[in-house]
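Student: Generate coordinates for the sequence data below:
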Amino acid sequence: GAAALAGAAAAPASASAVEPLPAGAADTMMPSKATPPPAPPKPPKASKPKSSGGGDRPGWLIPVAIGGAAVVAVIAAIALAGGGGDDPKTVASTPTATPAATEAPTVPVSANGIGLSVPAGWSDGATADIPGFSDSKVTMAGPKGGTIVFGLADETAANPTLLADGLRGDTEPTKEVVDLDGGVQAAKYAALPIGPQTGDVFAVPTDKGIATLACIAEGDTCATIAASMKLEGSKPFPVGPSEKYQTSVEKILGRLDKAEKSAARDLNNAGKRTTQVSATGRLASAYASASRSVRKLNVSPADEGANAQLAAALKSIGADFKKAASEGRAKDRNGFRKAGAAAAGGSKDIESALGGLGDAGYDLSSKTLGRAAAVTKLPTLKKDKVKKQAVPSNSGESTTGSVPETSTDSNSTPPPTNNITPRQTNPTPQNNKPAPKKDNGGGDSLSGGGEG
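Tutor: Sure thing, here's the model as predicted:
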């Protein structure tokens, strides 16, 4: 059989020389219970065997049918294990758990316009001595001593740190700006001392107050809870300086500067008291208007303190100028001077307020920073010019003299209003006795209507 097989292999292979196999030949050649064949030899380096194209199979394939079946089985197993496609990873590897499957379940909670997602198992109603919150805070407890407190901070948190006095401590802690859900920014203070423990504090400035979360927990629990924070019914502000607010402040102070320069020019060039009083009244109006404009600004809680201080300083200076104008109308030179000095002293309050904005990170222009030194100093109130009027003399002739206008600081005595000599009313005494007459005759005789 081996010799015949070798001869068949050596003979030319042609379609007419090879006879078709009789039906059932393969079944008769393969035993029903064959023992496992030996390991197949390594395949040749050539590519896959090619058919002759006419449908006939080479004769050398027949004797290896038994071993070939085993090889095909092994190849099929490998193909099935590899997925049989171009992407074996999708079938060959064991499916891994998705992140959603590994995440711990969370529970949504909300209060005071602040929404959070906390891990399952946390419960509210716990008590914790964490300062810096208003009365509407919410406290929740978790496993292993975990604690969170969230709500609006008390009014002392209206400062550049966004931390209440009870949380800020004696020194200013290191602040980090982080992004929360929905693009909301928060000031984060990591490992902040909270009573006997340390925790993370997250503060978000809003138009309703400062939404604050204080968290004491293990690992990344605090960061995960904080990232889920949502605000309901309030508008958040960015953490840090606001370009819009800075522009508004500089615009208001610019208008004030223009109005003050005009009034100060008229004040210093005034030739009479009434002009000084009018210019002083314009100063009062300019400062009062600037104060109202500053107070109306929509400002972040981080800047509320400095903004309120600036508005108060402008209002106080305006009130002092108003009082000075009133004293000037009353011709009170001393009162005019005192009120003007008080207005000039208000420059220190403006300087302090602008310094607070600088500490908060605002880069104010040099012109704005010089606003404190621009408060006008009032000059001495002028006396009104004296008026000339006719003053009668003792002889009855009129003379012209200078009579000053009365004022509150004059001690002169007013001149007499009537210099005419009083007329005598007593009649001149008369003698009713007739004078004696001489008689030509030499005798004494009386005549003229008297008794004889």
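Student: Do you have the helices of the stretch 101-250 of the chain handy? List them.
Tutor: Listed in chain order, the helices found in the stretch 101-250 of the chain under DSSP state H, counting those that start in this stretch are 165-168, 221-227, 243-268.
Student: Redo the ones you listed as a markdown table? Include mean neighbour count.
Tutor: Yep, even glycine has a C-beta here, placed from its N, CA and C like the rest. Formatted as a markdown table, the helices of the stretch 101-250 of the chain follow (neighbours: other Cβ atoms under 10 Å):
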| stretch | mean neighbour count |
| --- | --- |
| helix 165-168 | 19 |
| helix 221-227 | 20 |
| helix 243-268 | 16 |
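Student: Take those helices and write them to a markdown table, including distance to L378 and mean pLDDT.
Tutor: Shown next, in a markdown table, are those (distance: least, Cβ to Cβ, whole Å; pLDDT from 0 to 100):
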| stretch | distance to L378 | mean pLDDT |
| --- | --- | --- |
| helix 165-168 | 40 | 90 |
| helix 221-227 | 55 | 94 |
| helix 243-268 | 7 | 96 |
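Student: Quick one: closest of the ones you listed to S136.
Tutor: Of all the helices of the stretch 101-250 of the chain, helix 165-168 sits nearest to S136, with 15.8 Å by Cβ to Cβ.
Student: Show residues contacting that closest one.
Tutor: The set of residues that contact helix 165-168 without belonging to it, under Cβ atoms under 8 Å, 6 or more residues apart in numbering, is 130-132, 153-154, 156, 159, 161, 189, 192, 194, 201, 214.
Student: same check, this time on stretch 288-308
Tutor: Outside stretch 288-308, the residues within contact range by Cβ under 8 Å, 6+ apart are 157-162, 205-207, 209-210, 237-240, 242, 245, 248-249, 252-253, 255-256, 310-312, 314-315, 318-319, 322, 353-354, 356-357, 360.
Student: Could I get the pLDDT score of T275?
Tutor: Model confidence at T275, given as pLDDT, is 96.
Student: Can you tell me the element it falls in?
Tutor: helix 273-295 (DSSP states H and E).
Student: Any idea how many residues pack against G335?
Tutor: A total of 17 residues lie near G335 under the criterion other Cβ atoms under 10 Å.
Student: who does the helix or strand that contains it touch, helix- and strand-wise?
Tutor: G335 is located in helix 333-345, with elements delineated by DSSP H and E. For helix 333-345, the contact count by 3 or more Cβ pairs under 8 Å, 6 or more residues apart in numbering; DSSP states H and E identifies helix 304-329 as packing neighbours.
Student: If I take the helix it packs on and helix 273-295, what angle do their directions form?
Tutor: With axes from the mean of the first three to the mean of the last three Cα atoms, to 10 degrees as the criterion, the two stretches helix 304-329 and helix 273-295 enclose an angle of 160 degrees.
Student: Report the mean confidence score over helix 304-329.
Tutor: The average pLDDT within helix 304-329 is 97.
Student: Give the buried residues for it.
Tutor: Neighbour-count burial for helix 304-329, counted by 16 or more other Cβ atoms under 10 Å, picks out 304-328.
Student: Kindly report the same for stretch 291-306.
Tutor: Residues S291, S293, V294, L297, V299, S300, P301, A302, D303, E304, G305, A306 are the ones in stretch 291-306 that count as buried (16+ other Cβ under 10 Å).
Student: what about it, start to end distance?
Tutor: When the termini of stretch 291-306 are compared using Cα to Cα, to the nearest Å, they are 13 Å apart.
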